[in-house]
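Colleague: what follows is a predicted structure for the sequence shown.
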Amino acid sequence: MAAPVKYTLSGVTRGWRRMERLWAGSLGSRSLSLATAPSNNRSPWRLLGALCLQRPPLISKALTPLQEEMAAVLRQIEIEQSLYSDHELRALDEAQRMAKKKADLYDDEQDEKDILLVQDLEDSWEQEFQKFKPGDRVTADKKNDRTSLHRKLDRNLVLLVREKLGDEDVWLLPQTEWQPGETLRGTAERTLGTLSENNMEAKFLGNAPCGHYKFKFPQALRTESNLGAKVFFFKALLLNGDFSQAGKKGHHVWVTKDELGDYLKPKYLTQVRKFLLDL
Amino acid sequence: MRAEPPRKKKKVDPKKDQAARDRLKKRIRKLEKASQELIPIEDFITPLKFLDKSRQRPQVELPFEESERRALLLKKWSVYKQQEHDMERDAIRAMLEAQQKALQELKLESPELYAEAIKRDPRLFPFEKEGPNYTPPISDYQPPEGRYNDITKVYTQVEFK
């Protein structure tokens, strides 16, 4: 980010907007009042809007042993407390008739309903079930490819991007600078648009930010009214779509909450972990 | 026609008509009241075929170990559920705190952005999303073709005025 150049530009606009505000304050039109941002000339912090894009889980988690046991016991109890179903009654009748036939060796009850035994029905159902191949529960985990959306289908995945801040390459949640005239949520939406080139659709969860991170610039870059920056995170759920670019501009990664530690810096990490729900 | 004496029934006629109309309206109202049937809730009505005695399963006598195992399992389950609930509650509380702090910071920054952030989002609801299934969706799945007859009973209720 070309920090000094941007500062001078925004400084000029801020001065001009201050004049505008004096006679336009009472009108109260939304864009004007946002554009003025009078506190900007007092507060030394720059505003950044960041996007916490989450891919909700596609499959349910595997059950723990305790849950499995409990599920089995509940199923047992349900069978014990229930009435006989039609299928079961039919099975009982046929068992009785077979026992009678073997015992008496009479053929007075001709083969009325013996065309389809209960066992045959169950076998045919079983075969039909075997023919159906459901989707694989364990997918891209085999390759351990962290950039694909199909990994860890039972967890929430968050998008991380690698960007250059000054000199160093840093992993962080995608963010862009706030521009006067838009809300912070608008900034986050713009981030989404620039990242994916309008390929991804996301549902934003409200107007309010879910977390923030404050940091001060290193001494070299600090000026009087440019102490540091505040990043505000906005949550969004990914509905459909994926990255069109194959990692050209920056590198991107979809990670779960546990793997965040591999990528993010400690202070940033603590702030981000506060608003991520780990199921 | 000109030789007929004029008829003197003008006063009584409107009254009779009015009375006739009122009687008709009363009858209509009574009919409407009578036909006001409530829509039956099908879950609450046991079908008669399930009251058959031959359907009842014989009572299973659980061995002592089995019933003990079940009781212990239930106790473990309740402890597990309580822990789960505590974790969820703490997680939600942490998230809310983080959000409140972020809003405070935003307030310090600029009151207008704060006011914008507090506003309700009318486009958020109605929000529909299908939950996680047991297996992921198969790409290019061809569902089996066939027709079906929909036999759900649809009840209409007459509005009573």
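Modeller: Noted; the coordinates are in hand. Numbers count the residues shown, from 1 in each chain, chains lettered A, B, ... in the order given.
Colleague: any idea of the mean pLDDT in the helix or strand A:Ala229 falls within?
Modeller: Taking DSSP states H and E as the criterion, the element that holds A:Ala229 is strand A:228-240. What strand A:228-240 shows for mean pLDDT is 87.
Colleague: once you drop chain neighbours, what's closest to A:Leu264?
Modeller: What sits nearest to A:Leu264 in space, not counting adjacent residues and going by Cβ to Cβ, 6 or more residues apart in numbering or on different chains, is A:Trp171, at 5.9 Å. In this view, the C-beta of every residue, glycine as well, is placed from N, C-alpha and C.
Colleague: sheet partners, orientation included, of the strand holding A:Ala229?
Modeller: Take DSSP bridges as the rule and strand A:228-240 pairs in its sheet with strand A:45-55 (parallel), strand A:201-204 (antiparallel), strand A:211-216 (antiparallel).
Colleague: ok, then the element right after the first one?
Modeller: When you say that, I think you mean strand A:45-55. Counting by DSSP H and E, the next helix or strand C-terminal to strand A:45-55 is helix A:65-81.
Colleague: which residues of the stretch 151-279 of chain A lie near chain B?
Modeller: Contact residues, the stretch 151-279 of chain A versus chain B (Cβ under 8 Å from any Cβ of the partner chain): A:153-154, A:183-185, A:203-212, A:214, A:230, A:232-233, A:237, A:271, A:274-275, A:277-278.
Colleague: hey, where'd the helices end up in chain B?
Modeller: In chain B, helices defined by DSSP state H lie at B:12-34, B:64-109, B:111-118, listed in chain order.
Colleague: same check on chain A?
Modeller: Counting by DSSP H, chain A has these helices, from start to end: A:3-24, A:30-36, A:65-81, A:86-104, A:118-131, A:184-196, A:266-274.
Colleague: what's the most buried one of these?
Modeller: Ranked by mean neighbour count, the helices of chain A are led by helix A:184-196 with a mean of 20 (mean count of other Cβ atoms under 10 Å in any protein chain shown).
Colleague: which residues touch it?
Modeller: Residues external to helix A:184-196 that are found in contact with it (Cβ atoms under 8 Å, 6 or more residues apart in numbering or on different chains): A:47-51, A:53, A:161, A:174-179, A:182, A:200, A:202, A:204, A:207, A:209, A:232, A:234, A:236, A:241-244, A:252, B:106, B:113, B:116-117.
Colleague: CA-only coordinates of that helix, as PDB, when you get a sec.
Modeller: Output for helix A:184-196, consisting of C-alpha atoms alone and laid out as PDB, is shown next (Å, rounded to 0.1, in the frame of the first residue of the first chain):
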ATOM      1  CA  LEU A 184     -17.900   0.100   6.500                       C
ATOM      2  CA  ARG A 185     -20.100  -2.700   5.400                       C
ATOM      3  CA  GLY A 186     -19.900  -1.300   1.900                       C
ATOM      4  CA  THR A 187     -16.100  -1.400   2.200                       C
ATOM      5  CA  ALA A 188     -16.300  -5.100   3.100                       C
ATOM      6  CA  GLU A 189     -18.600  -5.700   0.100                       C
ATOM      7  CA  ARG A 190     -16.200  -3.900  -2.100                       C
ATOM      8  CA  THR A 191     -13.400  -6.200  -0.800                       C
ATOM      9  CA  LEU A 192     -15.500  -9.200  -1.800                       C
ATOM     10  CA  GLY A 193     -16.000  -7.800  -5.200                       C
ATOM     11  CA  THR A 194     -12.400  -7.000  -5.900                       C
ATOM     12  CA  LEU A 195     -11.200 -10.300  -4.500                       C
ATOM     13  CA  SER A 196     -13.500 -12.500  -6.500                       C
END
